[in-house]
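1. fold the stuff below for me.
(2 chains)
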Amino acid sequence: MLGSRTLPHWSYHCPGELKTALQLLDKYKKKCKVIAGGTDILPAIRRGVLTASDALQVVDITHIDELSGIEKHQNIIRIGAATRLAEIERSPVINKYAPILAQAINEMASAQIRNSGTIGGNLCTASPAADTAPPLLALDAALRINSQQAEKLVDLKSYFLGPGRTIMKPGEMVSEINFPAMKKDERFFWIKLGRRNVFTLSIVSVAIWIKIKNGIVYGIRIALGAAAPTPLRLLRTEAYFTGKKLNAELIENGIQLIPEEINPISDVRASAAYRTDMAMVLTRRALISCIA
Amino acid sequence: MKKMSIKMNLNHKDYAIEVDTSLTLLELLRDDLAIKSVHRGCEEGNCGACTVLLNGVPVYSCITLAVQAHNSHILTLEGLQREGETHPLLTSFLTHDAIQCGYCTSGFILTAYALIDNADSLNATDIRKGISGNLCRCTGYENIVKSIAAAFTEKQNGNWW
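-> Residues are numbered from 1 along each chain as shown, chains lettered A, B, ... in the order given. Just a heads-up that it's a prediction; the model follows:
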């Protein structure tokens, strides 16, 4: 006995090795879908947002050991794409060397979703509001993208093309996310604005990495979510702050550049004007707290 | 594969069954194995009425595939029962009037069970955050939060399993 919105009778594969998964992706190309936690793909099929038929080849990657896990090697943190969000949230390595990612994940969805959903899935669904994206952009993350033919490293800032679209081609999948570990005298800030405190899509989110030496902005990365067709870095705003003495006046002038770099939409959650205002407010709030 | 053989431990009992690979864990538990405490709510991973514990952690069974329960432990409300004894968490829900229509209750109890079981300390904020994946349209949550806090105290006093 099934509900009215049933899943199709697809063909299911659960390879135990990455190379087998890549063979399947290469063989079936657009006819296949990778599944890990299923927290995006299954609701999407039920709602009719994603068309799926009995011809679909589902490739479950949760049995591939090398795709799951967190490690720090020298100064690089590596996270397998199929690592559950909850595991990242509570990881001692992440809480020590990339706490912004743990903080952002803690504010995502619900415990049930975080126990099933994966970081790779969040990035591959590529919502403009994906909450792991701004922190990873602030961390200057890269993705390892594999196909049967090749393996390449792609900067996350080049990965998103538009809502739900990435540079990946049929036959490719993300296997790993990596980024440098946080060093002393680097600071991160994450602020997510939603219509409620929990289990809510972002109205706008801000992730900042900043390095200050003797009051001067040595380096800064500002990444926004839900403010444009993709999560993005505000490169011109960053350039304005770099090399200058951080004070309230500089911050006030710098945030005026934000509206030119973002392109939010009006939707059920907020108007474009409100998103723009809040992008400035949240960025100001994060930067003011660095002055102390 | 359109079908797959899976092994799982459900409520302390071992099962070996063949399932459609497109069957969800909710459909397997409720429709095929008559585990009626697991409820169909939104079937989209939003409301929490279908929450079960998979290897000790709460998940939405409506968006978990049955095949993904292979080699796993599943716990539902039926598995918290002991012969002739009501679990202290369920007793706490009853005594604190945390149940009205009851539709959300089994999901809440499993989420709360995992929350309490894994916590050394639990304040009201922790509880509210921990249950934020379960919706209730009846109670307004106050009594649910109180009953979870009281059950945590019971656990600390040794009345727990």
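
2. ok, which stretches of the stretch 101-250 of chain A are strands?
-> Under the criterion DSSP state E, counting those that start in this stretch, strands of the stretch 101-250 of chain A are mapped to A:142-146, A:151-155, A:160-162, A:165-166, A:173-180, A:186-194, A:202-213, A:216-225, A:232-233.

3. between the ones you listed, which gets nearest to A:Ala102?
-> Proximity to A:Ala102 (CB to CB) singles out strand A:186-194 among the strands of the stretch 101-250 of chain A, at 9.6 Å. The way it works is simple: take the backbone N, C-alpha and C, and place the C-beta from them, glycine included.

4. between that closest one and strand A:216-225, how many degrees?
-> When axes from the mean of the first three to the mean of the last three CA atoms, to 10 degrees is applied, the directions of strand A:186-194 and strand A:216-225 differ by 30 degrees.

5. distance between the ends of stretch B:44-62?
-> One end of stretch B:44-62 to the other measures 7 Å (CA to CA, to the nearest Å).

6. before we move on, what about stretch B:49-58?
-> Stretch B:49-58 stretches 11 Å from its first residue to its last (CA to CA).

7. how about low-confidence regions in chain B?
-> Within chain B, no range satisfies pLDDT under 70.

8. over to the stretch 1-150 of chain A?
-> Scanning the stretch 1-150 of chain A for pLDDT under 70 picks out the ranges A:1-4.

9. for the closest residue to chain B within it, which non-adjacent residue is spatially closest?
-> Chain B sits closest to A:Ser110 of the stretch 1-150 of chain A, with a gap of 2.6 Å, by CB to the nearest CB. The spatial neighbour of A:Ser110 that comes closest, neighbours along the chain excluded (CB to CB, 6 or more residues apart in numbering or on different chains), is B:Gly133 at 2.6 Å.

10. pretty sure A:Lys245 sits against A:Ile216.
-> Yes: contact criterion CB atoms under 8 Å: A:Lys245 and A:Ile216 qualify, at 5.6 Å.

11. tell me the contacts of the residue of the stretch 1-150 of chain A closest to chain B?
-> Neighbour list for A:Ser110: A:198-199, B:48, B:132-134 [criterion: CB atoms under 8 Å, 6 or more residues apart in numbering or on different chains].

12. which ones among these are found in helices?
-> Applying DSSP state H to these, no entry is found in helices.

13. which residue ranges make up the domains of the chain?
-> All of this is about chain A. A:11-60, A:65-180, A:186-291 (automatic domain parsing).

14. try chain B instead
-> B:3-77, B:88-156.

15. so does the first one get close to chain A?
-> Right, the one you point to is domain B:3-77. Yes: shown here: domain B:3-77 in contact with chain A (CB under 8 Å from any CB of the partner chain) through B:4, B:20-22, B:24, B:27, B:31, B:40, B:43-46, B:48, B:51, B:54, B:57-60, B:62-65, B:67-68.

16. follow-up on the earlier one: so which of the domains of chain A is nearest B:Leu77?
-> Smallest distance to B:Leu77 across these (CB to CB): 15.7 Å, for domain A:65-180.

17. and the end-to-end length of that closest one?
-> Start-to-end span of domain A:65-180 (CA to CA) is 23 Å.

18. can you list the residues of chain A near chain B?
-> A:1-3, A:5, A:7-14, A:35, A:38-39, A:42-43, A:46-47, A:58, A:60, A:62, A:86, A:109-113, A:115-116, A:198-199.

19. next one: A:Leu153 relative to A:Ser147, how far apart?
-> Using CB to CB, to the nearest Å, A:Leu153 is found at 13 Å from A:Ser147.

20. more crowded one of those two?
-> Taking other CB atoms under 10 Å in any protein chain shown, A:Leu153 and A:Ser147 do not tie; A:Ser147 has more neighbours (16 against 10).

21. which residues does the more buried one contact?
-> A:22, A:25-26, A:169, A:171-173.

22. OK, now which residue of chain B is nearest to chain A?
-> Residue of chain B nearest chain A, by CB to the nearest CB: B:Gly133 (2.6 Å).

23. and that residue, how far is that from B:Thr64?
-> According to CB to CB, B:Gly133 and B:Thr64 sit 14 Å apart.

24. between those two, what contacts are shared?
-> With CB under 8 Å, 6+ apart applied, the contact sets of B:Gly133 and B:Thr64 do not overlap.

25. please enumerate the helices of chain B.
-> Under DSSP H, chain B gives helices at B:25-26, B:77-80, B:88-95, B:105-117, B:124-130, B:142-156.

26. same list (those) but as JSON lines, adding mean neighbour count.
-> Output for the helices of chain B, formatted as JSON lines (neighbours: other CB atoms under 10 Å in any protein chain shown):
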{"stretch": "helix B:25-26", "mean neighbour count": "26"}
{"stretch": "helix B:77-80", "mean neighbour count": "20"}
{"stretch": "helix B:88-95", "mean neighbour count": "20"}
{"stretch": "helix B:105-117", "mean neighbour count": "24"}
{"stretch": "helix B:124-130", "mean neighbour count": "16"}
{"stretch": "helix B:142-156", "mean neighbour count": "19"}
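
27. how about the helices in chain A?
-> With helices called from DSSP H, chain A shows them at A:18-28, A:41-47, A:85-90, A:92-97, A:99-106, A:111-116, A:119-125, A:133-138, A:235-241, A:248-255, A:258-261, A:272-291.

28. return the set of buried residues in the second one.
-> By neighbour count on 16 or more other CB atoms under 10 Å in any protein chain shown, the buried set for helix A:41-47 is A:41-46.

29. one step back: any quick ChimeraX command for the buried ones out of the residues of chain A next to chain B?
-> Remark: buried members of the residues of chain A next to chain B, expressed as a ChimeraX selection using 16+ other CB under 10 Å:
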select /A:7,9,10,11,12,13,14,35,38,39,42,43,46,58,60,62,86,109,110,111,112,113,115,116,198,199
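
30. so A:Ala109 sits against A:Gly117, correct?
-> Yes: contact criterion CB under 8 Å: A:Ala109 and A:Gly117 qualify, at 7.1 Å.

31. hey, what's in contact with both of the two?
-> Joint contacts of A:Ala109 and A:Gly117 (CB under 8 Å, 6+ apart) are A:Thr39.

32. circling back to that earlier point, can you get me a residue count around the residue nearest to A:Ser110?
-> B:Gly133 sits with 26 neighbouring residues when counted by other CB under 10 Å.
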